[in-house]
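Colleague: pasting the structure only:
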């Protein structure tokens, strides 16, 4: 369980507006935003890992040939 206190009226107002538009609670808006941020960070870590150990590149001509496509 996590409890946060927001002391910024502008943020509170924005959260309330988002919740009203989406017909969900402010807590659900925040929960969704946190989940999205965590997912984005996981995607970023995977992307950075793939950059460190990239798979060998295959030329387009080779891919086309493998699948019997004309180039």
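Modeller: Sure, I can see it. Since the model is a prediction, treat every value here as computed from it, not as a measurement.
Colleague: for the rest of this, base every contact and every neighbour count on C-alpha atoms.
Modeller: Will do.
Colleague: for residue 6, helix, strand, or coil?
Modeller: coil (DSSP: H, G, I helix; E, B strand; the rest coil).
Colleague: could you count how many residues lie near the closest residue to residue 28 other than its chain neighbours?
Modeller: Setting aside the residues directly before and after it, residue 28 is nearest to residue 19 in space (C-alpha to C-alpha, 6 or more residues apart in numbering), at 7.9 Å. By other C-alpha atoms under 10 Å, the residues close to residue 19 number 17.
Colleague: isn't residue 19 right up against residue 29?
Modeller: Yes - assessed by C-alpha atoms under 8 Å, residue 19 is found in contact with residue 29 at 6.2 Å.
Colleague: what about residue 24, helix or strand, and which?
Modeller: Here residue 24, judged by DSSP states H and E, is contained in no helix and no strand.
Colleague: how close does it sit to residue 30?
Modeller: Taken as C-alpha to C-alpha, to the nearest Å, the spacing of residue 24 relative to residue 30 amounts to 10 Å.
Colleague: equivalent analysis for residue 19, please.
Modeller: Distance, residue 19 to residue 30, by C-alpha to C-alpha: 9 Å.
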